[in-house]
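A.B. asks: Give me a 3D structure for the following:
(2 chains)
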Amino acid sequence: MTYLVMECHLSYAIVLDEECNFRKVANFHYEVGQTVTDIVEMNETSTPLKMKSRSWVYKITAAAACFVLLVAGLANMMMTPFASVYVSINPELRVDVTRNNAVVDIDGLNDDGKRLIEGYVYKNKELDPVMDELMDRAIAMGYLSEGGTIHLTLDAKDDNWVLTTSEGLSEHLNGYLKDKTSVTIEVEQRNQDGYKIIIPIESTDYDEQSPYGDNEYGDDDDGGSDSPYDDRDEYDDDADSGYDEIDDDGDSDYDD
Amino acid sequence: MQQEHLIIKQVTAAKASMKDADDLIRQYLPFIKSEATKFLQRPCTDQDDELSVAMIAFHEAIGGYSKERGAFMKYAALLIRSRLIDFQRKEKRHFGHVSLDAAQNEDDKTLEEKMADDVNDYERREGLFATKREIEELSKIMAEYKISLTDVAENSPKQASTREACGRAVRYAIENPEILEELLKTKKLPLASLADGSGAVRKTLERHRKYIIALLLIQTNGYEIIRGHLKHALSKRGGRTI
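C.D. replies: Coordinates of the predicted model:
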């Protein structure tokens, strides 16, 4: 085989063999245009740039995999039930929510509960609208009527969440049901130790329904709001209200 | 330590460019020479083939180096020594073959002298000059396509099947001069026509675009000496110039 020297550099030369292959070889003082027979070809088994780019590919792949795992982990965490709201009208339900109050599951705990949620789609909805819709269904299906009671139990390990949600949810339901029906909403907080607190919430039209209307007790002397609780101490002494007498330990008559 | 960091930076830069690699070798020529001297156990001169082998080994060291291999200079020294051992073994294999300097017959003329008689020295020099001019002209034209001969060497197919696919495409272009005309006119390789006409996979041709362009340019007028060198590879299946 003969090789035609095509290009010469200090450390190597380019030669063209008779089979149309251009090769990088050791430059034994070659001259361009010279034909040679013995060459020492450069060993290019180690491909530097390819190696380098491959290492980048590995790094990028590893980073992408970590990112995917992180996103998947976060998504999983976002979809993991963080707390449950137990709804008891007569139908009994359990509504599981994430930390952000997104509803991830609803279970009927008794037959009526199963009937109530039959065909109901809660996907991509938050707790408040789901509760509204469930109340509407309960009214429409005759489970919730005038003077009825909605008992809510909040169960989560995070006391802050329980406290915040119990206030927010009861206020929200009060507002929502105000023009629909008059019911009593009771919210129970259950922390991880099984410790229970019942906070009675006024029914939506408590003012109209209450036997302790303003007329009976006259105007507020203290200039406070019109809430029937403003004068609680006043009428507690006279009447044995079911809402009062919250014990020091937090227990009330509604515990049982 | 800082010196080693500097070398690694230089080596990393030299990986991307043969010119940078050549410059780095020029810079470290004393080191390369000293390694060759250590191996030869005598002073290595510029005329020694071992120095050329040591330089190509240093080149390979640039190409194959990664931080995991430790200090670059140690790695380069190891590669130089290995290459020189290989070269000496190869040279020993040739030992005992007929020497150009050995007397061949009773007239006491050496083989070299005999060859010199056979080929007129003046013609040989003229031939060399003409070949050089042709190659320089080819390099100039290739530069218009932003291709150097070093690029072509790096872009040459290594596998026989790929070489055959590229060869088919080149032969198809030789048989269809309009493809060569289009290449000269547009300065772009008509990949679609080559792939369709030769049956080679377009992706393969794309990967070896520079190599194919170089071979097609050689098929155009003015490179008869280079074509003569390649005649066994291309013209046996019928080639023509435009």
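A.B. asks: Go ahead and confirm residue B:210 touches residue B:150.
C.D. replies: No: distance between residue B:210 and residue B:150: 10.2 Å, which falls outside the contact criterion (Cβ atoms under 8 Å). Bear in mind the C-beta positions are built from the backbone N, C-alpha and C, glycine included.
A.B. asks: Break chain B down into its domains, please.
C.D. replies: Described in terms of automatic domain parsing, the domain architecture of chain B consists of the residue ranges B:2-94, B:123-237.
A.B. asks: right, is the longest one up against chain A?
C.D. replies: Okay, so that is domain B:123-237. Yes: Domain B:123-237 lies in contact with chain A when judged by Cβ under 8 Å from any Cβ of the partner chain; the contacting residues are B:128-136, B:139, B:148-150, B:152-154, B:156, B:163, B:167, B:170, B:211, B:214-215, B:226, B:229-230, B:232-234.
A.B. asks: The first one too?
C.D. replies: Yes: for a cut-off given as Cβ under 8 Å from any Cβ, domain B:2-94 has contacts with chain A, namely B:15-16, B:18, B:21-22, B:25-26, B:47, B:49, B:52-53, B:55-56, B:58-60, B:62-66, B:87, B:90.
A.B. asks: per-residue confidence at residue A:26?
C.D. replies: pLDDT, residue A:26: 92.
A.B. asks: Indicate which one of the domains of chain B is closest to residue A:57.
C.D. replies: Distances from residue A:57 to each of the domains of chain B were compared using Cβ to Cβ; the shortest belongs to domain B:2-94, at 14.8 Å.
A.B. asks: if I pick the residue nearest to residue B:134 when sequence neighbours are not counted, what's in contact with it?
C.D. replies: Counting by Cβ to Cβ, 6 or more residues apart in numbering or on different chains, residue B:134 lies nearest to residue B:225, which is 5.1 Å off, once chain neighbours are set aside. Under the criterion of Cβ atoms under 8 Å, 6 or more residues apart in numbering or on different chains, the contact partners of residue B:225 comprise B:127, B:130, B:131, B:134.
A.B. asks: Torsion angles phi and psi at the residue in the stretch 101-250 of chain A that chain B sits nearest to?
C.D. replies: Distance from chain B to each residue of the stretch 101-250 of chain A (Cβ to the nearest Cβ) is smallest for residue A:124, at 44.8 Å. Geometry field for residue A:124 lists phi and psi as phi 60, psi 20, criterion degrees, to the nearest 10.
A.B. asks: Next one, pLDDT for it please.
C.D. replies: Note for residue A:124: predicted pLDDT of 80.
A.B. asks: Could you do residue B:137 as well?
C.D. replies: Value listed for residue B:137 in the pLDDT field: 92.
A.B. asks: Which phi and psi values does it adopt?
C.D. replies: Residue B:137 has phi and psi values of phi -70, psi -40 when expressed as degrees, to the nearest 10.
A.B. asks: contacting residues for it?
C.D. replies: Under the criterion of Cβ under 8 Å, 6+ apart, the neighbours of residue B:137 are B:222, B:223.
A.B. asks: Distance of it relative to residue B:218?
C.D. replies: Relative to residue B:218, residue B:137 is positioned 11 Å away (Cβ to Cβ, to the nearest Å).
A.B. asks: that older thread, could you dump the contacts of residue B:225 to CSV with secondary structure and neighbour count?
C.D. replies: Output for the contacts of residue B:225, formatted as CSV (DSSP: H, G, I helix; E, B strand; the rest coil; neighbours: other Cβ atoms under 10 Å in any protein chain shown):
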residue, secondary structure, neighbour count
B:127, helix, 15
B:130, helix, 13
B:131, helix, 23
B:134, helix, 20
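A.B. asks: quick check: longest helix of chain A.
C.D. replies: Scanning chain A for the helix with the most residues, using DSSP state H, yields helix A:48-79.
A.B. asks: ok, which stretches of the chain are strands?
C.D. replies: Assuming you mean chain A. The residue ranges that make up the strands of chain A, judged by DSSP state E, are A:3-8, A:13-17, A:22-25, A:35-36, A:83-88, A:92-97, A:103-108, A:149-156, A:184-190, A:196-201.
A.B. asks: looking at those strands, which is buried most?
C.D. replies: Per-residue neighbour counts averaged over each of those give the maximum for strand A:13-17, namely a mean of 25 (mean count of other Cβ atoms under 10 Å in any protein chain shown).
A.B. asks: how far does the longest helix of chain A sit from the chain's center?
C.D. replies: When distances are taken as Cα atoms, centre = their mean, to the nearest Å, helix A:48-79 is centred 25 Å away from the chain's centroid.
A.B. asks: helices or strands next to that helix in the packing?
C.D. replies: Using 3 or more Cβ pairs under 8 Å, 6 or more residues apart in numbering or on different chains; DSSP states H and E as the contact test, the elements touching helix A:48-79 are helix B:2-16, helix B:49-64.
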